[in-house]
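[1] Compute the structure for the input listed below.
(chains A and B)
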Amino acid sequence: MNFVVLQFPASNCDQDAVHVLRNVLGHSARLLWHKETSLGSPDAVIVPGGFSYGDYLRTGAIARFSPVMQAVQTFAANGGPVLGICNGFQILCEAGLLPGALIRNRSLQFRCEHVFIKTLTTDSPFTNQIPDGKLLRVPIAHGEGCYFADDETIAKLKANNQILWQYTSAAGEVTDAANPNGSLQNIAGICNDRRNVAGLMPHPERASEPLLGSADGKLIFESLIHSLQSKQMAKAA
Amino acid sequence: MICADFVRAVMKAKIIITPKKAVLDPQGKTVQSALEHMGYSGIGAVHVGKYLEIEVTGDKETVRKQIDEACHKFLSNPVIEDYRLEIE
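    Alright, predicted model coming up:
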């Protein structure tokens, strides 16, 4: 599969994402500078973590107007899968590709630690290979990861099974103590109603090899690859 | 020497951005409790926002329209923030 990983000024998880896709999973991945106006013809786009534009004004607020984001809008509108990680999630929300917004952590602290997340549905290109009931142990590193949306949006997310991941305790319970940032409904990640665009605050690319203490994050990339391969096979048949 | 009368007047767009009432404002809460701890009485809810000043020239009504659009599209996020715009 061909992946494109976007690169904004002050992206800092772009190389990690490329490393996992290329060296751990054996697929093709290339970096694409934010000034580009065309994506080429990738199978999927990753919007990586970092502090694009120094987080000035609001996280992701300036990056969403980068030329490359217009191409991402078109790609997503045509059904292409887009995964936003951390700052990438914030950018996708600012761009209106995902509902809601990420605001300052309730604790006002930057949280950098491993958390547990549970997957609420395997019905998405980003979760289909995650075994039922498996908790993922993945790191977070953010100051603005508190997911907020109005009541109506939250109700829609629930009704359409768009909440993909929730923060839990090590035992898998959705508790306030297990919520690292104050996100409504302990939301760690969501997808759009068409299910081709997703974002999450934790970093699966930093937890895709046992050497790094957890390889759970790999399941998210493997889900995406599986979904792309199934689509390709269906097309060929 | 340039006479000030011939220079096109520079207006100032003043924008105040505040978190929406329904949005958690941990900064505001922390400032509120600090004020209370310092002994100030009668302190109610505190909201911490942003203030922007933009120097701008042009026809006042056009400027207002343009900056208002920028506030909605870019300078504030309507999901979480309200804004107030004044042109002087």
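
[2] all strands of the chain, in order?
    Using chain A here. Along chain A, counting by DSSP state E, strands occupy A:2-7, A:28-33, A:44-47, A:82-85, A:101-103, A:111-119, A:135-142, A:146-148, A:163-168, A:187-191, A:197-200.

[3] not quite, I wanted chain B
    Going by DSSP E, chain B shows strands at B:11-19, B:50-56, B:81-87.

[4] Other residues contacting the last one?
    Residues lying outside strand B:81-87 but in contact with it, judged by C-beta atoms under 8 Å, 6 or more residues apart in numbering or on different chains, are B:11-20, B:23, B:49, B:60, B:63-64, B:67-68, B:71, B:75-76. C-beta here means a position set from N, CA and C on the backbone, and glycine is covered the same way.

[5] just checking: which of the residues you listed also lie near chain A?
    B:19, B:23, B:75 (C-beta under 8 Å from any C-beta of the partner chain).

[6] where in chain B is pLDDT low?
    For chain B, the stretches with pLDDT under 70 are B:1-8.

[7] so what's whichever residue of chain A sits closest to chain B up against?
    With C-beta to the nearest C-beta as the measure, residue A:101 is the residue of chain A nearest to chain B, at 4.4 Å. Applying C-beta under 8 Å, 6+ apart to residue A:101 gives the contacts A:93-94, A:147-149, B:77, B:79-80.

[8] And for residue B:31?
    Contacts of residue B:31 by C-beta under 8 Å, 6+ apart are B:46, B:48.

[9] Next one: it from residue A:155, what distance?
    Distance of residue B:31 to residue A:155, given as C-beta to C-beta, to the nearest Å: 32 Å.

[10] Let me know whether residue A:67 touches residue A:34 as I believe.
    Yes: Residue A:67 is in contact with residue A:34 according to C-beta atoms under 8 Å; the separation is 6.9 Å.

[11] Quick check: bridge partners of the spatially most central residue of chain B?
    When C-alpha atoms, centre = their mean is applied to chain B, the residue found nearest the centroid is residue B:16 (1.3 Å). Beta bridges link residue B:16 to residue B:51, residue B:84, judged by DSSP bridges.

[12] how near is it to residue A:152?
    Residue B:16 is 26 Å from residue A:152, by C-beta to C-beta.

[13] Return the list of helices and strands in contact with the worst-scoring helix or strand of chain A on mean pLDDT.
    Sorting the helices and strands of chain A by mean pLDDT, DSSP states H and E puts helix A:218-236 at the bottom, at a mean of 95. Here helix A:218-236 touches no other helix or strand, going by 3 or more C-beta pairs under 8 Å, 6 or more residues apart in numbering or on different chains; DSSP states H and E.

[14] If you count neighbours, what's buried in it?
    With burial defined by 16 or more other C-beta atoms under 10 Å in any protein chain shown, the residues of helix A:218-236 counted as buried are A:218-225, A:227-228.

[15] cool, stretch A:38-53 as well?
    Neighbour counts over stretch A:38-53 (16+ other C-beta under 10 Å) mark A:39, A:42-53 as buried.

[16] still on that earlier bit, do you know how far the residue nearest to the centre of chain B is from residue A:2?
    From residue B:16 to residue A:2 the distance is 46 Å (C-beta to C-beta).

[17] and the closest residue to residue B:79 other than its chain neighbours, bridged to which residues?
    Excluding its sequence neighbours, the residue lying closest to residue B:79 (C-beta to C-beta, 6 or more residues apart in numbering or on different chains) is residue A:101, at 4.4 Å. Beta-bridge partners recorded for residue A:101 (DSSP bridges): residue A:148.

[18] If I look at residue A:101, what pLDDT would I see?
    Looking at residue A:101, its pLDDT stands at 98.

[19] Ok, the one 4 residues further on next?
    According to the per-residue confidence, residue A:105 scores 97 in pLDDT.

[20] ditto for the one 10 residues further on
    According to the per-residue confidence, residue A:115 scores 98 in pLDDT.

[21] isn't it right next to residue A:135, touching?
    No: taking contacts as C-beta under 8 Å, residue A:115 lies outside contact range of residue A:135: 9.8 Å.

[22] Out of the two, name the residue with the larger neighbour count.
    A count of neighbours by other C-beta atoms under 10 Å in any protein chain shown puts residue A:115 above the other of residue A:115 and residue A:135, at 22 against 17.

[23] I'd like the distance between the closest residue to residue A:218 other than its chain neighbours and residue A:24.
    In this structure, residue A:218 finds its nearest non-sequential neighbour in residue A:208, 4.1 Å apart by C-beta to C-beta, 6+ apart. Distance of residue A:208 to residue A:24, computed by C-beta to C-beta: 5 Å.

[24] Pull up the overlap in contacts between those two.
    residue A:218.

[25] Which one's more surrounded, the two?
    residue A:208 (27 against 16).

[26] which residues sit in contact with the more buried one?
    Applying C-beta under 8 Å, 6+ apart, the residues near residue A:208 are A:20, A:24-25, A:215, A:217-218, A:221.
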